[in-house]
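Student: Fold the following for me, if possible:
(one chain, ligands or ions: 1)
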Amino acid sequence: MPLAGRVAFITGAAGGLGQAMTTAFAAQGAAVALADLPARANQLAELAQGHPRALPVELDVRDTVSIRNAVQATVDGLGSLDIMVCNAGLNVRKTKLLDATCGALANARSSIAPLVTPESARQAPCVARRRSAAGCAL
Ligand SMILES: NC(=O)c1ccc[n+]([C@@H]2O[C@H](COP(=O)([O-])OP(=O)(O)OC[C@H]3O[C@@H](n4cnc5c(N)ncnc54)[C@H](O)[C@@H]3O)[C@@H](O)[C@H]2O)c1
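Tutor: This next block holds a predicted model:
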């Protein structure tokens, strides 16, 4: 899938893999919404400065209203939302606390659906989810 001109929404963008994916998407010409917890706002702002079309958005993926607001801010700020990377989560190598709400993916999908624009509808929004025994993507 060509990424140039697309808008990617990456949850957990302030984390290790989120930052790496942000760099990779931006290098391929995508605009990137950097979504993470409000407590990570400083890291998001710093990360956004390194990319020409990056928008920091705060969200908690356990909260439907928060997801809806972040998706709307992305559509308002970047014009669309074509790719959602559900990367936010807990890496069990970095934390012992597991507070996973896997229903958050359904929340995210239902928040995106009403916001799909005619332009982005030419190709159905792509949802990528990360998950393995090493952690749980929310
Ligand atoms: N690093 C690995 O080797 C590895 C392996 C397999 C799976 N994973 C999964 O990949 C994802 C990213 O891994 P990482 O190593 O970058 O982890 P990380 O801890 O560096 O980053 C995770 C990010 O998710 C954010 N986050 C946590 N809860 C959130 C919430 N409720 N709402 C919004 N954001 C939230 C954190 O603030 C953080 O910025 C995780 O889901 C992890 O379980 C990682």
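Student: Roughly how far does the residue lying closest to residue 43 once chain neighbours are set aside sit from residue 58?
Tutor: In space, and not counting its chain neighbours, residue 43 is closest to residue 14: 4.0 Å by CB to CB, 6 or more residues apart in numbering. (Each C-beta comes from the backbone N, C-alpha and C, glycine too.) For residue 14, the distance to residue 58 equals 10 Å [CB to CB, to the nearest Å].
Student: out of these two, which sits in the busier spot?
Tutor: Neighbour count, other CB atoms under 10 Å: between residue 14 and residue 58, residue 14 has more, with 24 against 17.
Student: does that one sit in a helix or strand, and which one?
Tutor: Using DSSP states H and E, residue 14 falls within no helix or strand.
Student: Tell me, what's the model's pLDDT at it?
Tutor: pLDDT recorded at residue 14 is 97.
Student: residue contacts, it?
Tutor: 34, 36, 37, 40, 43, 44, 47 (CB atoms under 8 Å, 6 or more residues apart in numbering).
Student: Now for this protein: which helix has the highest residue count?
Tutor: helix 64-78 (DSSP state H).
Student: what about it, near the ligand?
Tutor: No. For a cut-off given as CB under 6 Å from any ligand atom, helix 64-78 has no contacts with the ligand; the smallest distance is 8.0 Å.
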